[in-house]
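Asker: Structure of the sequence below:
(one chain, ligands or ions: 1)
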Amino acid sequence: MANTPYPESYYAASANAAPARPALQDDVETDVCVIGAGYTGLSSALFLLENGFKVTVLEAAKVGFGASGRNGGQIVNSYSRDIDVIERSVGPKQAQLLGQMAFEGGRIIRERVAKYNIQCDLKDGGVFAAITDKQMGHLESQKRLWERFGHTQLELLDQRRIREVVACDQYVGGMLDMSGGHIHPLNLALGEAAAVESLGGTIYEQSPAVRIERSANPVVHTPQGKVRAKFIIVAGNAYIGNLVPELAAKSMPCGTQVITTEPLGDELAKRLLPQDYCVEDCNYLLDYYRLSADKRLIFGGGVVYGARDPANIEAIIRPKMLKAFPQLKDVKIDYAWTGNFLLTLSRLPQVGRLGDNIYYSQGCSGHGVTYTHLAGKVLAEALRGQAERFDAFADLPHYPFPGGQLLRTPFAALGAWYYGLRDKLGV
Ligand SMILES: Cc1cc2nc3c(=O)[nH]c(=O)nc-3n(C[C@H](O)[C@H](O)[C@H](O)COP(=O)(O)OP(=O)(O)OC[C@H]3O[C@@H](n4cnc5c(N)ncnc54)[C@H](O)[C@@H]3O)c2cc1C
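Answerer: So this is what the prediction gives:
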């Protein structure tokens, strides 16, 4: 049987020790079968176990193999599309519920880290950096919007203040969110998996779900075993393939790439990011970066629509890094990798039920570290019969990408090119 290892990355190289987990080779029964051991699956499993459910997690490769173990590590609150867009699309009542939840994921991560003593280098403080006056104006209205939903810990940074936070000349200002922050993403996933097992949950690795038999007691088949469950949670996100065909048309896997420098040393690291906050800029195709615990710069950016792996990641991302930080021109890149996230046309998460007993959450379109933790809680609430918050997500409308399976990638790339051009022209 195939044994899929972690892709080479800084995170895999600095991962905490984790047990080898077996592949499923049996027929088992459980209350909830979770497909995918990323944050969505693990967060769901944890909330369910804490509420007395028996949970079995099937992971095609290894815990945190997908985006959850490869991302920029930025705890970014809210959704990939903001609440005013949601309000215009679905009205004030649903927007109120979603708006109130917009900062909950970050709190859940911190609770998890504290409760289960997860060693994942958690740091507080995230900055949205504006490159143009227009972007700064957008941040000002975003602050007012978020405050309307009770999120009041935000601080606008003028040009002088943002220089104190990040040694980059590109920015005219920004916004600091102290409830944002950063983590070692793979170690967060590994810590959550250990917490799942500490509560009696079972995780099988190298155990892809290859077929779901839909019925009153659905069965998930893997190459060598099967799980009969009362409920199934589909949490395979951009790596799910065509397991659930009805979800595939309304979402599209996309790649994004990350590089990691050699250790910069305390002095240079402190000059770049004196308070050790993470930063993302406000462009449509955004750059995001932060320091690791051992003072490397972890820098991400770029999107490949359709999720093909680029041949030379360093050649794509290093110029972006040097544009922000020309002072790093002689610094070596130690790691470069790619990972897939799942895009929806609205850039809002794709959430819902198939029949009575198959639930799914996927497609948070870029910003997913906080949302996926919230999703786990909301999915668990729904399985316990309290579906109001779940339904607020499930009722968000979703549409197929124009062009169908064949043409959606060039169409989306064209759209991104247009927005990228607007970023470049500052309009
Ligand atoms: C390079 C990169 C950088 C990013 N940076 C950030 C960031 O800084 N901040 C932020 O908020 N978001 C970021 N994101 C997005 C964020 O990482 C994701 O939204 C989030 O991790 C998705 O979690 P998930 O559990 O839904 O999916 P994943 O983490 O992708 O997990 C899905 C899991 O399901 C498994 N799986 C798939 N199919 C099957 C199957 N059939 N059977 C069993 N298992 C299956 C996969 O192997 C995988 O482990 C980034 C994404 C990428 C790719």
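
Asker: Are we agreed that Ser44 is in a helix?
Answerer: Yes: looking at Ser44 with DSSP: H, G, I helix; E, B strand; the rest coil, it is inside a helix.

Asker: got the contact list for it?
Answerer: Val32, Val34, Ile233, Ala235, Ser361, Ala375, Gly376, Leu379, Ala380 (CB atoms under 8 Å, 6 or more residues apart in numbering). Any C-beta I mention is one placed from the backbone N, CA and C, and that applies to glycine too.

Asker: Mind checking which of these land in helices?
Answerer: Ala375, Gly376, Leu379, Ala380 (DSSP state H).

Asker: And for the spatially closest residue to the last one that is not a sequence neighbour, the neighbour number?
Answerer: With CB to CB, 6 or more residues apart in numbering as the criterion, Ala380 has its nearest non-adjacent residue at 3.5 Å, and that residue is Phe47. The tally of other residues near Phe47 (other CB atoms under 10 Å) stands at 22.

Asker: for Phe47, helix, strand, or coil?
Answerer: Phe47 ends up helix, using three-state DSSP.

Asker: In contact with it, which residues?
Answerer: Phe47 makes contacts with Gly376, Lys377, Leu379, Ala380, Glu381, as judged by CB under 8 Å, 6+ apart.

Asker: Would you check how far apart it and Tyr116 are?
Answerer: 13 Å (CB to CB, to the nearest Å).

Asker: same deal with Glu50?
Answerer: From Glu50 to Tyr116 the distance is 11 Å (CB to CB).

Asker: mind listing what the residue nearest to the spatial centre of the chain touches?
Answerer: For the chain, Gly368 is the residue whose C-alpha lies nearest the centre (CA atoms, centre = their mean; 2.7 Å). Shown in contact with Gly368 (CB under 8 Å, 6+ apart): Tyr39, Ala67, Asn71, Asn237, Phe341.

Asker: wouldn't the fourth one be in contact with Gly36 here?
Answerer: Going back to what we said before, that points to Asn237. Yes: assessed by CB atoms under 8 Å, Asn237 is found in contact with Gly36 at 6.6 Å.

Asker: Find the residues that touch each one of the two.
Answerer: Gly66.

Asker: Quick one: residues contacting the closest residue to Gly99 other than its chain neighbours.
Answerer: Of all residues not flanking Gly99 in the chain, Phe149 sits nearest, at 3.5 Å (CB to CB, 6+ apart). Counting by CB under 8 Å, 6+ apart, Phe149 touches Ile83, Gln96, Gly99, Gln100, Ala102.

Asker: which one of those residues is nearest the ligand?
Answerer: Ala102 (12.6 Å; CB to the nearest ligand atom).

Asker: For Ser207, which three-state class applies?
Answerer: Three-state call for Ser207 (three-state DSSP): coil.

Asker: For the protein, which residue gets nearest to the ligand?
Answerer: Closest point on the chain to the ligand, by CB to the nearest ligand atom, is Gly368, at 1.8 Å.

Asker: Need the phi and psi values for that residue.
Answerer: Per-residue torsions, Gly368: phi -130, psi -10 (degrees, to the nearest 10).

Asker: go on, Pro223?
Answerer: phi -60, psi -30.

Asker: The contacts of Gly368: which ones sit near the ligand?
Answerer: Among the contacts of Gly368, proximity to the ligand is found for Tyr39, Ala67, Asn71, Asn237, Phe341 (CB under 6 Å from any ligand atom).

Asker: now those residues as JSON lines including secondary structure?
Answerer: Listed next are the ones next to the ligand among the contacts of Gly368 as JSON lines, based on three-state DSSP:
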{"residue": "Tyr39", "secondary structure": "helix"}
{"residue": "Ala67", "secondary structure": "helix"}
{"residue": "Asn71", "secondary structure": "coil"}
{"residue": "Asn237", "secondary structure": "helix"}
{"residue": "Phe341", "secondary structure": "strand"}
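
Asker: By neighbour count, which of these wins?
Answerer: Tyr39 (34 neighbours).

Asker: how close does it get to Pro218?
Answerer: 23 Å.

Asker: next one: His151
Answerer: Taking CB to CB, one finds His151 at 38 Å from Pro218.

Asker: same deal with Glu280?
Answerer: Counting by CB to CB - Glu280 and Pro218 are separated by 39 Å.

Asker: who has more neighbours, those two?
Answerer: Glu280 (23 against 20).

Asker: mind listing what the more buried one touches?
Answerer: Per CB under 8 Å, 6+ apart, neighbours of Glu280: Gly72, Gln74, Val76, Gly126, Val127, Phe128, Ala129, Leu286, Asp287, Tyr288, Tyr289.

Asker: hmm, back to that, relative to Leu145, which of the ones in helices among the contacts of Ser44 is nearest.
Answerer: Ala375 (21.9 Å; CB to CB).

Asker: Quick check: the closest one touching Ser361?
Answerer: Yes: the criterion here is CB under 8 Å, and Ala375 meets it with Ser361 at 4.2 Å.

Asker: Going through the contacts of Phe149, which one is the model least confident about?
Answerer: Across these, the smallest pLDDT goes to Ile83, namely 87.

Asker: Tell me, how many residues neighbour it?
Answerer: 22.

Asker: And the nearest residue to it once chain neighbours are set aside, how far from Trp146?
Answerer: Distances taken as CB to CB, 6+ apart put Gly99 closest to Ile83, at 4.4 Å, once the chain neighbours are dropped. Computed as CB to CB, the Gly99 to Trp146 distance reads 8 Å.
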